[in-house]
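S.K.: here you go, sequence then predicted model.
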Amino acid sequence: MGFKKYFIFSIILIIVVFGYVYSLELGNYNVTMLGYSLDLPVATWVIFPISLLALVTYLHILFYSLIKYFKERAIKKDHETMISAIKSNLLEKTEVSKFKTKEFKNLSSILSQFKLTISDSRFTSSDEELNKIVAYVQDIKDGKFVSDKSFKINETTSLSNLNMLNKVNEQIDFAIDVLKKPENFSSNIVRQSFENVLKDKTMTTVKKLYKNIKLDKELARKLFEKDAANNEFGFTAEEILRIVKDLDYKKDDYLVLAKNYESILQPDQIIALFEKLSSELDEATPAYLHVLCEYEMIDKVREVVSTTADTELTPFKALLDLKEAGKHYDLESISYK
């Protein structure tokens with residue numbers, strides 16, 4: 001029975017009892033206590049304990065109704081806070097959520113130790129904002145760039161980094177902007193931007209941008225491959241020298257570089273290039289000799305190795321001995337040892 005019905009029926013009962021007893025015309029009843037005298041109709045004395053009991057039950061019901069109200073209110077508030085915490089978890093935010101009920105505090109403590117992922121592309125809930133966040137997160141993980149300004153992500157999170165990578169992959173002009181001011185972006189964003197520019201833009205554009213970033217050997221290899229394939233507007237020997245000096249190239253690196261260019265450049269071009277490199281960098285000498293051997297410039301090879309110690313460049317000295325003895329040789333198997 002609801003409180004409203006209970007209140008109405010109890011009042012009716014009190015009125016009925018009072019009316020019935022009063023109709024019996026039992027007169028008045030006097031009560032004296034502590035010097036005070038109270039004279040009231042008997043009907044009034046009869047309904048007094050009933051009315052008092054009714055009042056107590058009203059207060060009892062109201063008290064526990066208030067407790068229930070505040071508990072349900074706390075649960076509702078905690079539910080909203082939990083939804084907010086789930087949103088923060090999906091967006092990789094580190095917000096501290098405060099809960100009022102013990103059950104939600106325990107649940108929050110458990111969930112805080114997990115990173116939520118979305119496994120169902122058909123996710124749905126009664127919270128529209130959560131649905132939108134889930135859709136955006138799914139789009140980002142599917143390789144799409146999300147540009148909605150209402151979708152705010154902390155720039156230091158991996159989700160933001162992935163979204164930025166998606167933008168780099170979708171918008172080549174943005175990749176160029178990244179390379180113009182690489183200090184404003186994380187290293188993987190800069191790297192991906194450079195690789196995309198290498199793939200999609202001309203060598204003229206690449207030459208304007210590559211100096212803005214710190215190359216490693218892998219990026220340099222891709223840069224030289226781009227240069228070799230577009231040599232009409234490619235690097236000069238001085239530019240290549242400047243790049244490899246900054247990368248601490250070893251002998252094997254120069255040999256790879258030589259193989260990269262030897263199928264593209266004219267013989268005189270690649271010979272001049274590696275002659276210049278070897279004149280300034282001793283580590284490039286084996287690659288220079290490899291190029292000379294490739295074009296059967298044996299006299300030039302002999303001239304270079306003749307000025308070195310007996311223990312230096314021994315593979316090429318052995319190659320010359322084989323050549324003089326009329327033996328066949330495999331340039332690859334010798335020069336790459």
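M.R.: Structure's in. What do you need?
S.K.: pop the domain breakdown of this protein in here.
M.R.: Following automatic domain parsing, one gets these domains for the chain: 3-90, 216-337.
S.K.: least confident of the ones you listed, on average?
M.R.: Lowest mean pLDDT of those: domain 216-337, a mean of 82.
S.K.: okay, the domains of the chain, which one's buried deepest?
M.R.: Most buried of the domains of the chain by mean neighbour count (mean count of other Cβ atoms under 10 Å) is domain 216-337; its value is a mean of 16. From N, CA and C alone the C-beta is placed, and that goes for glycine too.
S.K.: off-centre distance for it?
M.R.: 43 Å (Cα atoms, centre = their mean, to the nearest Å).
S.K.: returning to what we had before: would you turn the domains of the chain into JSON lines with distance to residue 190?
M.R.: Shown next, in JSON lines, are the domains of the chain (distance: least, Cβ to Cβ, whole Å):
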{"stretch": "domain 3-90", "distance to residue 190": "27"}
{"stretch": "domain 216-337", "distance to residue 190": "10"}
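S.K.: out of the ones you listed, the one nearest residue 178 is which?
M.R.: Closest to residue 178 of the domains of the chain is domain 216-337 (Cβ to Cβ; 14.1 Å).
S.K.: show me which helix runs longest in the protein.
M.R.: helix 42-90 (DSSP state H).
S.K.: got the buried residues for the helix or strand just after it?
M.R.: Using DSSP states H and E, the helix or strand that follows helix 42-90 towards the C-terminus is helix 102-111. By neighbour count with 16 or more other Cβ atoms under 10 Å, helix 102-111 contains the buried residues 104, 108.
S.K.: packing partners for the helix or strand harbouring residue 4?
M.R.: Assigning secondary structure by DSSP H and E places residue 4 in helix 3-23. Packing partners of helix 3-23 (3 or more Cβ pairs under 8 Å, 6 or more residues apart in numbering; DSSP states H and E): helix 42-90.
S.K.: tell me which other helices or strands the helix it packs on touches.
M.R.: Partner elements for helix 42-90 (3+ Cβ pairs under 8 Å, 6+ apart): helix 3-23, strand 28-33, helix 102-111, helix 128-141.
S.K.: I'd like those as CSV, with distance to residue 41 appended.
M.R.: Below are the helices and strands packed on helix 42-90 laid out as CSV (distance: least, Cβ to Cβ, whole Å):
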stretch, distance to residue 41
helix 3-23, 6
strand 28-33, 5
helix 102-111, 54
helix 128-141, 65
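S.K.: nearest to residue 319, of these?
M.R.: Residue 319 lies closest to helix 128-141 among the helices and strands packed on helix 42-90, at 54.6 Å (Cβ to Cβ).
S.K.: secondary structure element holding residue 219?
M.R.: Per DSSP H and E: helix 217-229 holds residue 219.
S.K.: what's the following helix or strand after that helix?
M.R.: Per DSSP H and E, the first helix or strand lying C-terminal to helix 217-229 is helix 237-247.
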